[in-house]
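Asks: model this:
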Amino acid sequence: MKPIRLRDFVEDIEGRIYAVSAYDNTERAGCVLRYVPDPDGERVDPAGRRYTKLDFEPAYDYIRAHKPEYLDGLHRVPIADILRIYKPEERIDWIASRDPRVAALLSHFDLPAGSVGCTGSRLVGLENGASDIDLVVYGAAWFLAQAQLARLVGAGRLPGMSEEMWRRVYEKRVPEISFDVFVLHEGRKWNRGEFGDTWFDLLYTRSYDALASAPAGRGREIGRARIEAVVTDASHSFDSPAVYEVEHESVSRVISFTHTYCGQALAGETIEAAGVLEEHGDTQWLIVGTTREAKGEYIVSRSLLESEQV
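Replies: This is a model prediction of the structure:
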């Protein structure tokens, strides 16, 4: 069996469906509960089963009340309790066959077979009219998709993001930075596009042969901090968590657990970041996204802001 991987979904033996949110899933899958069986639920899968979708805080409240043994930072589901694994790359043809918009969007990209999937509600057949499109691209193919998206928009084959759509994304993310600063950073990432009446994301996930090198484990919390540092390596800045290796007197990594601050800076740029310091061996990491809305936590590229005189 292939390893359980970030952005897979899993279903437990009681029918609850979780989004996999970690790479370290050997004994217990690190997830967040998304859908619970409910005869009065508004979401209906292709087999006619009804579910209620839970937002972040209600999901934690549910696990705390019904499955406290799963509560450990994330929702940790024992492998023995997993009935089914939904893999985006294996179900992409099924998803495209159900949604012409997904099929049309995929037709614009030329990516290696097996390197692209679709996660989120569409992966388990529980999407509704308001659902955006969460494309997953694996390993090196993600950077091909990123470059292709930039070319497609430049050639007019796909539209650029409108201000209205940027505002919808901004209001969903609720970041600690202004709208103008948000759009300035987002506009150069090429990991999101507008399509029809919704938007799509290009989500990075590691290839199977790179799973072992993903950062894992929590350190001892030291306190909150704001730092400025030079990014020395941003090659995994679109991952989840996003990783920025930095040059700083005490911090070696800035790590973001919120998608808002993935791809936020390039190697060689100076960043300003606020979050929680953790001790990891003889070094420290600055963690951004320690709560769902990351209040008081952010990453911005000072180099980008200064170049644009923002």
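Asks: Make sure I have this right: L211 is in a strand.
Replies: No. According to DSSP: H, G, I helix; E, B strand; the rest coil, the state of L211 is helix, so it is not within a strand.
Asks: okay but it is in contact with T26, surely?
Replies: No. Taking C-beta atoms under 8 Å as the definition, L211 is not a contact partner of T26, at 9.9 Å. C-beta coordinates here come from the backbone N, C-alpha and C atoms, glycine included.
Asks: Please say which of those two ends up with more neighbours.
Replies: Set L211 next to T26 and count neighbours by other C-beta atoms under 10 Å: L211 wins out with 17 against 10.
Asks: so what's the more buried one up against?
Replies: Shown in contact with L211 (C-beta atoms under 8 Å, 6 or more residues apart in numbering): 3, 5, 23.
Asks: re earlier: quickly list what's touching both of L211 and T26.
Replies: Residues touching both L211 and T26 by C-beta under 8 Å, 6+ apart: P3.
Asks: mind giving me the domain ranges of the chain?
Replies: 9-86, 88-208, 215-307 (automatic domain parsing).
Asks: Mean pLDDT added to those domains, as TSV?
Replies: Listed next are the domains of the chain as TSV, based on pLDDT from 0 to 100:
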stretch	mean pLDDT
domain 9-86	96
domain 88-208	94
domain 215-307	93
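Asks: residue ranges for the strands of the stretch 1-150 of the chain, please.
Replies: Counting by DSSP state E, counting those that start in this stretch, the stretch 1-150 of the chain has these strands, from start to end: 9-12, 17-20, 28-37, 43-44, 50-53, 71-72, 74-78, 82-86, 116-119, 133-138.
Asks: swap that for the stretch 151-300 of the chain, please
Replies: 192-195, 198-205, 220-236, 242-247, 251-256, 270-280, 283-288, 298-301.
Asks: residues making contact with the first one?
Replies: Surrounding strand 192-195, the residues in contact under the criterion C-beta under 8 Å, 6+ apart are 101, 104-105, 133, 149, 152-153, 158-162, 165, 169, 186, 199-202.
Asks: And the closest residue to S301 other than its chain neighbours, how far from Q146?
Replies: Among residues not flanking S301 along the chain, A265 sits closest, at 4.2 Å (C-beta to C-beta, 6 or more residues apart in numbering). Remark: distance between A265 and Q146 (C-beta to C-beta, to the nearest Å) = 16 Å.
Asks: quick revisit: so which of the domains of the chain is the most surrounded?
Replies: Across the domains of the chain, the average number of neighbours (mean count of other C-beta atoms under 10 Å) peaks for domain 215-307, which reaches a mean of 18.
Asks: Quick check: end-to-end length of that one?
Replies: Distance between the two ends of domain 215-307: 32 Å, counting by C-alpha to C-alpha, to the nearest Å.
Asks: and if you look at stretch 93-113?
Replies: Start and end residues of stretch 93-113 are separated by 11 Å (C-alpha to C-alpha).
Asks: and stretch 157-165, how far from the chain's centre?
Replies: Distance of stretch 157-165 from the chain centroid (C-alpha atoms, centre = their mean, to the nearest Å) equals 21 Å.
Asks: which residues touch that stretch?
Replies: So stretch 157-165 is contacted by 108, 149, 152-153, 169, 186-187, 192-195, 199 (C-beta under 8 Å, 6+ apart).
Asks: Which of those residues sits closest to S307?
Replies: G187 (13.1 Å; C-beta to C-beta).
Asks: Which phi and psi values does the nearest residue to the closest one once chain neighbours are set aside adopt?
Replies: Distances taken as C-beta to C-beta, 6+ apart put M161 closest to G187, at 7.7 Å, once the chain neighbours are dropped. Dihedral angles of M161 (phi, psi; degrees, to the nearest 10) stand at phi -70, psi 130.
Asks: Please report how far M161 lies from F182.
Replies: Per C-beta to C-beta, M161 is found 12 Å from F182.
Asks: still on that earlier bit, just send the strands of the stretch 151-300 of the chain back as JSON lines, with distance to I82 too.
Replies: Output for the strands of the stretch 151-300 of the chain, formatted as JSON lines (distance: least, C-beta to C-beta, whole Å):
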{"stretch": "strand 192-195", "distance to I82": "31"}
{"stretch": "strand 198-205", "distance to I82": "19"}
{"stretch": "strand 220-236", "distance to I82": "27"}
{"stretch": "strand 242-247", "distance to I82": "27"}
{"stretch": "strand 251-256", "distance to I82": "27"}
{"stretch": "strand 270-280", "distance to I82": "29"}
{"stretch": "strand 283-288", "distance to I82": "28"}
{"stretch": "strand 298-301", "distance to I82": "34"}
